[in-house]
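Visitor: missing the sequence, but the structure's below:
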């Protein structure tokens, strides 16, 4: 693995990158430094522990489309090929990440994407001879519009196009199932993965994925946006139980105090 890594200003100086929390930006830099020659990090949790990063920092990177996660726990830097281009005589792929390598393609923007079943073998990052990312193809002329999709069989039947759900649709379905899944996080997570399942297949039924998250207890506690209204309601309810409301309370009744903070969730 190379000792030097480059960073593209077009990525790290963009407004989208700079708007992320500093802790997420720091985590990204460390991941970039510790990635292998293909941009994979096989132990991101250890890096997070060393620098004190939180799970939310990684979720931000995934939601913003800077990393792509795999079920194995491995992640890959989406814009790796924009940051770094190695000479073919210095390129050393990690043989232990063969499975993850097969799940990726490189688009015409030099970004990694999760491959789907209909895309050609020649587009995959790793095939039997590392045709797309092996030593014979590493170089500044190896990736371009002419090399992406050139091997696609145009005679294949057109598959039904998946239409991602709206935020309102996901919220409504989660409320219907009372599963406590954060709809915004679900959409951000799936958009970062390109609405592709962990097995590399294109998603067909987002509701089925929601149900899978339920079975895996993959929900998040989110901030209560109506906390102020809830606080007012809690106070009114407690005062009603005491026999009056805010207008009827005596000025001399200041000795009776009630701590309602435990009843209000922010």
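Guide: Perfect, thanks for sending it. Note that the structure is predicted; figures quoted are calculated from it, not measured.

Visitor: what separates residue 199 from residue 212, distance-wise?
Guide: 12 Å (C-beta to C-beta, to the nearest Å). Where you see a C-beta, it was placed from the backbone N, CA and C, and this is true even at glycine.

Visitor: quick one, which of these two is more surrounded?
Guide: residue 212 (12 against 9; other C-beta atoms under 10 Å).

Visitor: and the more buried one, how far from residue 71?
Guide: 12 Å.

Visitor: for residue 39, same thing?
Guide: Distance, residue 39 to residue 71, using C-beta to C-beta: 18 Å.

Visitor: ok, those two, which is more surrounded?
Guide: Between residue 39 and residue 71, counting by other C-beta under 10 Å, residue 39 is the more crowded of the two (24 against 11).

Visitor: my guess is the more buried one contacts residue 76, does it?
Guide: Yes. If you go by C-beta atoms under 8 Å, residue 39 and residue 76 touch, sitting 5.1 Å apart.

Visitor: for the two, list the residues in contact with both.
Guide: Residues touching both residue 39 and residue 76 by C-beta atoms under 8 Å, 6 or more residues apart in numbering: residue 112.

Visitor: residue 16: neighbour count?
Guide: 10.

Visitor: list the contacts for it?
Guide: By C-beta under 8 Å, 6+ apart, the contact set of residue 16 is residue 64.

Visitor: which strand or helix spans it?
Guide: Here residue 16, judged by DSSP states H and E, is contained in helix 15-18.

Visitor: just the strands in the stretch 51-200 of the chain please.
Guide: 67-69, 75-77, 104-106, 112-114 (DSSP state E, counting those that start in this stretch).

Visitor: what's the spacing between residue 187 and residue 9?
Guide: Residue 187 is 29 Å from residue 9, by C-beta to C-beta.

Visitor: out of these two, which sits in the busier spot?
Guide: residue 187 (20 against 7).

Visitor: quick check: the more buried one touching residue 167?
Guide: Yes. Counting by C-beta under 8 Å, residue 167 is a contact partner of residue 187 at 5.9 Å.

Visitor: gap between the closest residue to residue 207 other than its chain neighbours and residue 107?
Guide: Nearest non-adjacent residue to residue 207, counting by C-beta to C-beta, 6 or more residues apart in numbering: residue 173, 6.1 Å away. Here the criterion is C-beta to C-beta. By it, residue 173 lies 30 Å from residue 107.

Visitor: higher neighbour count, these two?
Guide: residue 173 (18 against 15).

Visitor: what residue ranges in the stretch 1-150 of the chain score low on pLDDT?
Guide: 1-2, 117-150 (pLDDT under 70).

Visitor: which parts of it are helices?
Guide: Read by DSSP state H, counting those that start in this stretch, the stretch 1-150 of the chain holds these helices, from start to end of the chain: 9-12, 15-18, 22-34, 44-51, 55-63, 80-83, 98-102.

Visitor: in JSON lines: these, plus distance to residue 204.
Guide: What follows is the helices of the stretch 1-150 of the chain, written out as JSON lines (distance: least, C-beta to C-beta, whole Å):
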{"stretch": "helix 9-12", "distance to residue 204": "32"}
{"stretch": "helix 15-18", "distance to residue 204": "29"}
{"stretch": "helix 22-34", "distance to residue 204": "31"}
{"stretch": "helix 44-51", "distance to residue 204": "29"}
{"stretch": "helix 55-63", "distance to residue 204": "22"}
{"stretch": "helix 80-83", "distance to residue 204": "29"}
{"stretch": "helix 98-102", "distance to residue 204": "21"}
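
Visitor: so which of those gets nearest residue 205?
Guide: helix 55-63 (21.7 Å; C-beta to C-beta).

Visitor: the closest one - contacts with which helices or strands?
Guide: Using 3 or more C-beta pairs under 8 Å, 6 or more residues apart in numbering; DSSP states H and E as the contact test, the elements touching helix 55-63 are helix 22-34, helix 44-51, strand 67-69, helix 183-192.
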